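[1] Next come a sequence and a model predicted from it.
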Amino acid sequence: MSLNTHHVTVTDGEKDITQAVQQAIDAVHAAGGGQVVLPRGQWVSKALKLKSFVDLHLPTGCELSCSTDYADYEAGKVSVIAEDSDRAFITARDQQGISISGSGTIHGHSDKWCGRDGLFEGTFWPKMLRPRIVVFENCKDISLTGISIVEAPMWTIHLIACHQVKVESLRILNDMRMPNTDGVNFDSCTDASIFNCVIRAADDAVCVKTCRKEDESLNGPAERIIVSNSILSSKSCALKIGTETYQDVRDVLFTTCTITESNRAFGIFSRDGGDIERIRFSNCTVQCEQTPDGFWGSGEAITINALPRVVGDVPGYVRDVAADGITGRAQGAINIVGHETQQIENITLSNIQLSLEAGKFPDAYYLDLRPSPHDVNLLDNPEQGRRNAWVKNEAGQILGLEPYPNGLPGLWLDQANNITCNDVVIHRPATLPKGWSEQETELGHVTNVCFSKPASSLSAV
């Protein structure tokens, strides 16, 4: 990239700087690359397109607000649909050497994207169509550093079929009641990393996935991804693989992270036929707490499952997964649950020290198997359900929440093969709360389970 620098200037009283910023990006790109520096102050913009070898720089004191009118994102249309939306604030397609940098802020004003007043199963009720903040498709040599993104209305950063990605020292601070506000989604990306970030999201903080894509040129595996030295909070899952798994996911490392005020800490969810393998969780501290039923999960440190999204489908396999050096506290069990058509295989749990505590929802010790076939829906009615989130039966109970056979255990294994537990210690209260299993570990349909230090008690069901 050249050293060409363009400082965006605005006239007195001007707040919408869309045209000025886009013209600067176009000019710097045409000149061979460089940096576009936004002015300090509070500004509003419609959709922007980033181009090759351009660094969009937000200095200290710059707050760039996203328009709150969905029509203003017409120029930000992308090919991969998410939550029914095909639009985003900052987009790029088939570009290289692009970056967003600085210590300024992008503000998404998520409160303007609610469709109903109040909370429903613990979440706001979002409008049908909301933009993502950043969507890059088929780009390479990407750097996202330093900036803060607050109150995203939907997915914050969605990178699709991108390669050689660095996300460093970002702060993503979303409203913890706004659904679908994932922090960073690596979708069919390769050679990507997140380092030294702070991410708070009502949905997944970091997610590695392979979404359905109408443009087949964007299909491909997600592989060689590292997330490290970050602080993460999520009302869904802090570090997650899936649920969208239409292609393979492999060689992912989550390490040396601090997970606080989260529902689930680590999750792997196979649903759509893509295979998942060679996944590592290591040297992390976790604090997992139950959430209202509008969020998937029940305060688990580790959840791994392989289940069909649609009746009759077969999920891809999950194998060669290891969790090592995980410490902290949780309010739900470690769950490893496969399917009769696709067992989970070759899982190793090592050096795990967890304190299992009573949750604030004592009547909700359940195995959350969402997304299930019930959740593939178009519902938009608080009495029945919210699209692709939850569905109630006639009794008002949310479908996909299953009771454990004998109450809440510390570890639940079902439809799994070749499971090794090496120094796995789950501390439970001396007097077990109501709804808890007397057994620390419960086994369903499993084969070849090895405990290097025998669990205090086992129960086969």
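    Ah, there it is.
[2] Taking the centroid of the chain, which residue is nearest it?
    D204 (2.7 Å; CA atoms, centre = their mean).
[3] From A358, how far out is that residue?
    Separation of D204 from A358 (CB to CB, to the nearest Å): 26 Å. The C-beta positions use only the backbone N, C-alpha and C, and glycine is treated the same way.
[4] So in terms of bridging, what pairs with N185?
    H158, C207 (DSSP bridges).
[5] check contacts around it.
    N185 is in contact with W155, I157, H158, L159, D204, V206, C207, V208, K209, counting by CB atoms under 8 Å, 6 or more residues apart in numbering.
[6] still on that earlier bit, which residues touch the residue nearest to the centre of the chain?
    Counted by CB under 8 Å, 6+ apart, D204 has contacts D182, G183, N185, S234, S236, C237, A238, K240.
[7] try 10 Å this time
    Listed by CB atoms under 10 Å, 6 or more residues apart in numbering, the contact partners of D204 are 155, 180-185, 232, 234-243, 263-264, 267, 296.
[8] now do E168
    Contacts of E168 by CB under 10 Å, 6+ apart are S101, S143, L144, T145, G146, S193, I194, F195, N196, C197, N229, S230.
[9] mind putting those in a markdown table, secondary structure, distance to Y404 and neighbour count included?
    A markdown table is the format used below for the contacts of E168 (DSSP: H, G, I helix; E, B strand; the rest coil; distance: CB to CB, whole Å; neighbours: other CB atoms under 10 Å):
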| residue | secondary structure | distance to Y404 | neighbour count |
| --- | --- | --- | --- |
| S101 | strand | 48 | 19 |
| S143 | strand | 45 | 16 |
| L144 | strand | 41 | 23 |
| T145 | strand | 44 | 18 |
| G146 | coil | 45 | 19 |
| S193 | strand | 37 | 16 |
| I194 | strand | 34 | 28 |
| F195 | strand | 38 | 16 |
| N196 | coil | 38 | 13 |
| C197 | coil | 35 | 24 |
| N229 | coil | 35 | 13 |
| S230 | coil | 32 | 28 |
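[10] which two from those residues end up farthest apart in space?
    Among those, the pair separated by the greatest distance (CB to CB) is S101 and N229, at 19.1 Å.
[11] tell me which element D86 is part of?
    For D86, the enclosing helix or strand under DSSP states H and E is strand 85-93.
[12] partners of that strand, with directions?
    strand 48-49 (parallel), strand 77-82 (antiparallel), strand 132-137 (parallel).
[13] Most tightly packed of these?
    strand 132-137 (a mean of 26; mean count of other CB atoms under 10 Å).
[14] for that strand, the distance to its chain's centre please.
    A distance of 15 Å separates the centroid of the chain from that of strand 132-137, by CA atoms, centre = their mean, to the nearest Å.
[15] Then stretch 161-174?
    Distance, centroid of stretch 161-174 to centroid of chain: 13 Å (CA atoms, centre = their mean).
[16] Buried residues in that stretch, which are they?
    The neighbour-count check on stretch 161-174 (16 or more other CB atoms under 10 Å) flags A161, C162, H163, Q164, V165, V167, E168, L170, R171, I172, L173, N174 as buried.
[17] looking only at pLDDT, what's the mean for that stretch?
    For stretch 161-174, mean pLDDT rounds to 99.
[18] Please renumber the chain so that the first residue is 18 from this point on.
    All right, first residue 18 from here; so that's stretch 178-191.
[19] Now do the end-to-end distance for it.
    Start and end residues of stretch 178-191 are separated by 25 Å (CA to CA, to the nearest Å).
[20] Could you dump the contacts of E185 into CSV with distance to H74 and pLDDT added?
    Shown next, in CSV, are these (distance: CB to CB, whole Å; pLDDT from 0 to 100):
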residue, distance to H74, pLDDT
S118, 5, 99
S160, 11, 99
L161, 12, 99
T162, 10, 99
G163, 9, 99
S210, 21, 99
I211, 20, 99
F212, 20, 99
N213, 19, 99
C214, 18, 99
N246, 24, 99
S247, 23, 99
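[21] could you give the mean pLDDT of stretch 83-95?
    98.
[22] Only alpha carbons, please: show it as PDB.
    Extracted in PDB, the C-alpha atoms of stretch 83-95 (Å, rounded to 0.1, in the frame of the first residue of the first chain):
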ATOM      1  CA  CYS A  83     -25.000   4.000  10.700                       C
ATOM      2  CA  SER A  84     -28.200   5.200   9.100                       C
ATOM      3  CA  THR A  85     -31.300   3.800  10.800                       C
ATOM      4  CA  ASP A  86     -33.200   3.500   7.500                       C
ATOM      5  CA  TYR A  87     -32.900   0.100   5.800                       C
ATOM      6  CA  ALA A  88     -33.400   1.700   2.400                       C
ATOM      7  CA  ASP A  89     -30.100   3.600   2.900                       C
ATOM      8  CA  TYR A  90     -28.300   0.300   2.500                       C
ATOM      9  CA  GLU A  91     -29.200  -0.400  -1.100                       C
ATOM     10  CA  ALA A  92     -25.600   0.300  -2.100                       C
ATOM     11  CA  GLY A  93     -24.500  -2.200   0.500                       C
ATOM     12  CA  LYS A  94     -26.200  -5.300  -0.900                       C
ATOM     13  CA  VAL A  95     -24.300  -8.600  -0.600                       C
END
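[23] what's the spacing between that stretch and its chain's center?
    Distance, centroid of stretch 83-95 to centroid of chain: 23 Å (CA atoms, centre = their mean).
[24] So which bits of that stretch are buried?
    Buried, per 16+ other CB under 10 Å, within stretch 83-95: C83, S84, Y87, D89, Y90, G93, V95.
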